[in-house]
Each structure stands twice: as C-alpha cells, then as structure tokens.
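**Student:** only geometry, no sequence info:
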Ligand code: ADP
Ligand code: MG
C-alpha cells in the first residue's frame, strides 16, 4: 500500500518536472521557428555566436533555448538528405519531438532521463552535447559497445558538422595519437571501458604530457546508464602485467584433496537423500522421523545446493514445504547450536546466497588426517606472547621464532583462502554456465548477457581455482599497474548524466552513489503495449513446452517473436527444442556487436523468431516489418524472471516502440533459480499444495506481485554488495587521487624540481623530527650522528655533526638544510644538459611513484583478501581495512620520498655531466676536509653511471617542448599540516603522517 502511494507520488513528481520544462520547450520552438528564415550559413554562424557568448561568461542555461533550437533547426534542414552511417546509406528523417527536447533539458541538468526504448535517445543527446561543447571543453557520450559508439558518432555526426562542430569516436584498436585527436574534438563518443582505460593510461602510465590523450572530464552522457553503472560496475578496470616474482600456487597442491573431499561429500549426500526420502515415504512416519528427514534434506541443501536429487525431492509439495519450513526455523538464533551440529556432519558447507564455502571439522580431518589443524589459522598474538615468555631464548632467537610463526600464519591463511576458492569452484561454478573452457583457458561468461568475457578474470584467486579444477594451466599471477572502478571513473566528471529505458527501479542507487536523480520522460505517442500475467509451471520442461507452443502459434500467424533468456545455456536448450519442433529461428550469441545489431534489427520482420540473452542487442532498435502491426506487433517472450526487475523491464521494452502494438509474456517454473531461492517458502509450497500437476499452468496478478517483491529483495541485496565494494574502493580512490595528482603535476610542469624539493623538505623534516629536534632545536647527539650520516649518504652537502649542535628553531634548521641541498643541486644543474633536465627530474618523480604505487596496489589487493579472512572475528572489516590501508599509504609516501632523495644525485642527463659533477664535488669535498666525507658522492661514483637500476636516468634524447605556462598540480601532495587523507580530520603529521 505504502509503496503504491510512493509510486503515485513519484509519478506526480515526474509530471511536475515535465510541466516545469514546458515553457522552455515553447521558447525553443519559437526560436526554431524564427531560425527557419535564416540561410544555412547564418544558422551555422549561431555556433560561433554562442561560443563567443559562453566565452564572455554567459551561462549555458541562458543559451539553452537558442542552442537547442539551432540543433533542432539543423535537423529539420537535413530531412531528406542521404547520410552514410557505418557504410550504409540512409535518409535523415528526424526532427526533435517536444518530449525529446524535455529529455535534452534533463540531460543538460545532470539527471538521468528515463525514456523508453525507441524514443530516440540517440537524437536527444545531440542537444545537450552541442550545448555543453560550446564551452570548448570535451563533451562526451558513452555507449554500451564499440559498434554503437561508431554508429552514433557517425549518425549524429552529420548533425554536428552541419552546425560546425567536430565529433569523434574512440575504438578499441586505436593508437594513442588517434585517440588524442578524437578527444581533441568538440564531442567524443566511446565506451566506458575505453574512456576508463585511457584515464588509467594517462594518469598511471604516461611518462610525458604528450602521451596523455584525454583533455578533461567535464560533461558526459552515459547511454544505457543502468547497464553501465549497475551491471558493468561490478568488475573494475584493471591494467596489469606479469608479476615480477612467481609465487608458489597452493591450488595445484590442494586440488587432489579438494576433489576427494567433493566426491566424499557427494557420496554422503546421495545417501542422505535416499534416507530422507525413505523416511518420508513411510506411511506411519513419526514426527521425530519427519524432523530427521527434513534435517537431512537441509543438510543436502547446505552441502550441495544445486544437487539434482534434492531438486527432484522438492517436486513433492509436502516435502518442499517441510524443507522450507525447517530451513527458516533452523536459521533462527534459537536453533543455532543444532544447525551447527548438523553442519558439522558435512565435509564442507556452501552458502549459495553469499557465495561462500567453509571447511568443517570432518572436512579438515579428511583432508589432512595427519594434521587436522593444518587449515586452522594459528593465533598469532598468543604465539607471540608465548615466545616472549620463554626464558631460554636470546632476543635474536625470539625474533626468529616470531618470524617463523608469522610465516606459518601466512602460509596457512593462503591455504585456507585457496581451499575456500577451490570449494566454490567445484560446487558453485559450473562449466558452460558460469564459464567455458576455450583453448586451454577458463573464460568467464557474463551472467547477464551471456557474452564470453575474454581477458577478464575473476579476482581473489577464484579464477586460478577454476583453472586448477579444469586442469588447465594456471595463469601466472599478474601485477596491477593501474585500476579504477567504473563508478569512481564516472564520479570524476564535473557534470554527469544518463539515459536509459529502465532506471526507475535503481533510482535509490543512482542517487546514493552518483547523486543522480531519475526523471521519467513521457513517450512521444502513448504506449499500447500489453503485458500479460506471468504463467507459472511446475517444472522447467513444462515451461519450455508452453514457450515453444506459444512461439509456434505466433509464427503460424506471422507475428515476430523475440525470446529472452537469462543464460546462454538456456538459449541453446530452447534453440534445440525449437529445432525439433521445426521452428526456424535465429540465436543471438552476442559475440560480434555489428552482426548482433543487424540480427536484432531484423527481429521485427514477419514470421521471424529471435532468441537472445537478456541484454544482447541493447541499443539497436527493432522496427516492425510490413503487415506486422496488423498481427499485433512484436511478441516478447520471457523464459525466466531475472534477479532484477530492471532487466525484465528492458526485455519488455523491446516491443511497442513509438506507439506500435506489442505484447509481452513471461513463462516461469518453480525450478527457476529465482523462484527456488527467494520465493517465500510458504508461498511456493501453498501454490504446489493447490495440487499443481505436471503440465498445469498457474496465472494470477497476485503472483506477479509476489515475484516482484522477491526480485526487490535480491535487488537490495545486490545493491548493498555493490555499495560495500564501493566503500572499499573509496579508500583506494582517495589514495589514487593523491598519487595521480602528484604524478600529473610532474608531467605538466616544465621543471618538476619544485615537487622534488617539496618531497625532500618533507623527508628532511621528518628526519629532523625523529632525530629529536623540536621547536627549540634541542637534540641528543647520538641521533644527530645518524641524521648527518643519512644526509651525507644522500646529498653531497658535507654535513657535520657540530653544525647541528647550536640551538636553532626547527624551522630555521630545516630551511638551512634544504637550502644546502638546493645549492648542491644548483651546482649539479650547472653541469647538466639544460634541455634534458626537466625530463630527468620528471623521470625521477614518476619512476619513484610508479614503482611504489604498483607495489602498493598489489599489497592493497592482498589486504582485501586477508581482511576477508579476518572478518570471521568480531571486528568490522571495513574499518580494519581503512586503518591498514592508510598505514600502507603512509609507507608508500615514505618510500616515494625516499627514492626521490636517493635518485636525485645519482642520475644525470648524460655521462659527461655525471663525471663533471663528480669532479666538482670531490674538489669541494677535499676543500672541506675529510671529516665530512660525502658518502652520496661515494655512492654515486659506485653507481654504474649514469644507468643504475631504479635510479637509471631517462636521459631523454630529444628536447621536450613544453608550453611556457606552468600548470599547477591538481591535487597537492599531502602536506604535513594538511588534513590527513584518511578523513580523520586530524593534520597529516599528527595522524598517518606521524613520524
Ligand atoms: P532509443 O535509443 O531511445 O531506443 P533510438 O535512438 O535508437 O532509440 O531511435 C529509435 C528510432 O527512432 C530510430 O530509428 C530513429 O531514427 C527514430 N527516431 C528518433 N527520433 C526521431 C524523430 N524525432 N523523428 C523520427 N524518427 C525518430
Ligand atoms: Mg539507444
């Protein structure tokens, strides 16, 4: 009831927005009318005029009516013209409808425009893209695949160039010069992953400003935004390469054990099923016996949720009801202990909903009879205390013992993790459903589209576990060079907006994560689509039977049918059934986007039957063939409800575009995953109790609603998973902003000397602090010695202990030391190749950052993994993660600073410079006497100058031409007095920057 009211309210809220837009629409149309009198050149001159006005500070909002009118007028002038789109010729026949103008306003305002399929969103986007491109910044549009990026940019490109704007698109194989040129145009189309990867390459890998391809992150429209920000967002974008050191893989070692464990469990479970059904079939079964039988069924469910025999048992309504009831009861706190007892009879327990697998005591024993504790995480804290207590050990021995304990802990925790992943691989990941094996590789099948996702890997060792299971080569661990989630990529835009046919159900998520609100735009013509009630069958077989019958009937009449399935496997099953029934059809296996688009386009022709996984063919319009209207338009058949309502709505939306007739109907069975997992036990049982027989069909509006509420539950669960992931990613994201900020600063400034000296100053400050210098300048002499030693080891400054004995304020002291280093550097500069100095400095900064940042990324991944294990305890894993992450980050910053200090005087633009410097410095060192042996110099002379390991100079051969302006660093490095990036509110030096 409440949600019904909310819906009504929401509906009113959208109508209000639309009403608010009406006067603007009227103004646009007035302007457009007046533009009709202009010559083509005069219209084109409008673009120049608008640009000038924007440059003079006029707000885009103020120019909107005129700008939109110009676009609409251009579209009108183009009607009847032949245009080329993806090598096909077509006639331009579009002038923006009023609802499209409203959609355009919505997009300009940074909202999500929900517009049904076929409403012409491609054309809608031209309005705000044109308007926002007037600023001179890059206006971008993201499509779901490369083909659509090309198609839409070419198609709409005719309109933009009519108005004097340039448009480009990014394609997968493009080289960076071409990319750079494309981003340089006024408007750029491309996919989310291309944009995201370009961002990563620009900020994490490019070593020269000239290699960066993107201009800015100003305005972006995301087409099919739900698909990109909700479905795709689960896998982060990663640029990776082989890891430097190969580590031993526990998977191969553990596999035989796990395999034995899985077959032992299977034997046990088969026995359980038999016992349970024997007991249940007994006429005079006592209540106790029934309970035991139910518990056995539950055990099977916990041990192998997808067991075929169990599914068959559940076909008996009474038993299913019993199992569901017991399941609910046993998961209440009250029965925790009993449930635990039953679980402990299994070898391992699978949690299907949460995708987890855990070993039980029995399992541990079976796996390692000699050492059942081999897979129990040792209690490190206690072990350390015990070691400390030992009186016979020397401190060194204690240290060694601790190190050993620590190592054992790490080995065991890796093993436990690998085991859990192997169990999941064996029990929940089915070949040809979740993945396929192709050319000796395990390739993921996208659960939504059924697409083969070559190149993508499951994270966290799961992929390696599946590889072990399939006995194919376990791919080497890779190191992450750069990574960003789609969410965080898009959150960088100054203004983000999106369009899709289905956003309403995910409105909360869009709002919470992206601050995007959803506005429903009315259709141009009223929709006459008929959505039939769902038909529910007892078994899958019955369901498919009915689907085939429905398709046959439609085909006999000539009505085209689009059949949606949830997985590739289902598409194939259905295809085989249709073949047997003699129905000619096409299966969309979604491998080649262009082909896919062509097939989908033909799906509206008379008599055609098209099977497609859920989202295949998104973005291509299904036009009705001749005579199809009269037959009732396109018939859309759903073969299973998806976890998310949005995907179902997307499928329904494929018919009845622009006022066309059309009908949709879903066929379901009680064996479907969604029904099995989430339909309230009682309900399903009651339906079945209503003596549902094989082949019988059930249909009621009330059923549609309860299925929807089951979907809502799953949606919420998935949303919280995504939100959780994002909370973790936010931590890394803040760190990335800091690091990329410094890195970019180094790329964009002519001489990154300032950055280097800021780093040096910080390092020296922290050294002074740890040497014990305070505001008054006091320090113990022992500390001073090590400080002086460090200074001389890194910089040719010939520091002496005596110089630090006078009482000076901390700041004055710091200034002094840094000044000395600067003087030494000035000397170095004087002998260097001036043209190459900037490049060398840049190299020093970037090399230090990249090396340590990549290491840091790997450590962070490992941290994620170990936190997962730690969450078994009482602590909140997220705050644990945050704490550790910032300690890692602090270490990272330290390492970067240190490496910069180390490299500065050990690299040179060329060998001569290096030797000259050495000569000058050793002369000055001699003059200052032996007491201050400049060890930096010694180190430098030992270095195989000028090329030495990490600190090898870039020795840029050519003079890098840079503009004379200095671009400021976008994000400053964390200054000691600035707020700590952990968000504690404390100053960095008092928080994670505390020395
Ligand atoms: P959506 O992305 O909203 O599903 P498309 O942009 O693919 O829709 O457009 C669907 C079809 O509608 C296209 O064939 C397009 O040519 C047509 N169309 C869009 N806008 C108009 C218009 N204003 N007048 C005539 N046809 C239009
Ligand atoms: Mg579209």
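**Tutor:** Right, received. Where do you want to start? Quick caveat: nothing in here was measured; it's all calculated off a predicted structure. Ligands and ions are numbered 1, 2, ... in the order given.
**Student:** before we move on, what SS does the closest residue to ligand 2 within the stretch 701-850 of the chain have?
**Tutor:** Of all residues in the stretch 701-850 of the chain, the one sitting closest to ligand 2 is residue 715 (23.2 Å; C-beta to the ion). In this view, the C-beta of every residue, glycine as well, is placed from N, C-alpha and C. At residue 715 the chain is in helix, as set by DSSP: H, G, I helix; E, B strand; the rest coil.
**Student:** What distance do you get for it to residue 327?
**Tutor:** 22 Å (C-beta to C-beta, to the nearest Å).
**Student:** who has more neighbours, these two?
**Tutor:** Higher neighbour count among residue 715 and residue 327: residue 715, with 19 against 16, using other C-beta atoms under 10 Å.
**Student:** quick one: contacts for the closest residue to that one other than its chain neighbours?
**Tutor:** Spatial nearest neighbour of residue 715, chain neighbours left out: residue 644 (5.3 Å); criterion: C-beta to C-beta, 6 or more residues apart in numbering. By C-beta atoms under 8 Å, 6 or more residues apart in numbering, the contact set of residue 644 is 505, 711, 714, 715, 718.
**Student:** Which pLDDT value belongs to residue 644?
**Tutor:** Listed pLDDT for residue 644 reads 84.
**Student:** Check residue 941 too.
**Tutor:** 45.
**Student:** and residue 626, helix, strand or coil?
**Tutor:** Residue 626 is classified as coil under three-state DSSP.
**Student:** From residue 511, how far off is the nearest residue to it once chain neighbours are set aside?
**Tutor:** Using C-beta to C-beta, 6+ apart and skipping the chain neighbours, the partner closest in space to residue 626 is residue 606 (6.9 Å). Counting by C-beta to C-beta, the separation of residue 606 from residue 511 is 43 Å.
**Student:** what do you get for residue 759?
**Tutor:** 40 Å.
**Student:** Any residues of this structure in contact with ligand 1? List them.
**Tutor:** Contact residues, the chain versus ligand 1 (C-beta under 6 Å from any ligand atom): 93-97, 100, 115, 117-123, 621.
**Student:** ok, now which ones touch residue 760?
**Tutor:** For residue 760, the contacting residues are 818, 821, 897, 900, 901, 904, by C-beta under 8 Å, 6+ apart.
**Student:** In contact with the fourth one, which residues?
**Tutor:** Contacts were defined as C-beta under 8 Å, 6+ apart; by that measure residue 900 touches 756, 759, 760, 763, 844, 845, 848.
**Student:** Show me what counts as buried in the one helix or strand the second one maps to.
**Tutor:** It stands for residue 759. Using DSSP states H and E, residue 759 maps to helix 753-771. Neighbour counts using 16 or more other C-beta atoms under 10 Å place 753, 755-769, 771 of helix 753-771 among the buried residues.
**Student:** what pLDDT does whatever residue of the stretch 401-550 of the chain ends up closest to ligand 2 get?
**Tutor:** Residue of the stretch 401-550 of the chain nearest ligand 2, by C-beta to the ion: residue 499 (7.7 Å). As predicted, residue 499 sits at a pLDDT of 96.
**Student:** Help me confirm that it comes into contact with residue 125.
**Tutor:** Yes: between residue 499 and residue 125 there is a contact under C-beta atoms under 8 Å: 7.0 Å.
**Student:** who touches both of those two?
**Tutor:** With C-beta under 8 Å, 6+ apart as the test, residue 499 and residue 125 both reach 107, 221, 223.
**Student:** secondary structure element for the second one?
**Tutor:** Using DSSP H and E, residue 221 maps to strand 219-223.
**Student:** For that strand, what is the distance to the chain centroid?
**Tutor:** Taking C-alpha atoms, centre = their mean, to the nearest Å, the mean C-alpha location of strand 219-223 is offset from the chain mean by 17 Å.
**Student:** And for stretch 402-412?
**Tutor:** Computed by C-alpha atoms, centre = their mean, the chain-centroid distance of stretch 402-412 equals 33 Å.
**Student:** could the contacts of residue 900 go into a markdown table alongside distance to ligand 2 and pLDDT?
**Tutor:** Shown next, in a markdown table, are the contacts of residue 900 (distance: C-beta to the ion, whole Å; pLDDT from 0 to 100):
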| residue | distance to ligand 2 | pLDDT |
| --- | --- | --- |
| 756 | 49 | 92 |
| 759 | 49 | 91 |
| 760 | 54 | 92 |
| 763 | 54 | 91 |
| 844 | 48 | 89 |
| 845 | 44 | 92 |
| 848 | 46 | 91 |
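**Student:** and the gap between the residue in the stretch 1-150 of the chain that ligand 2 sits nearest to and residue 222?
**Tutor:** Going by C-beta to the ion, ligand 2 is nearest to residue 121 of the stretch 1-150 of the chain, at 4.7 Å. Separation of residue 121 from residue 222 (C-beta to C-beta): 11 Å.
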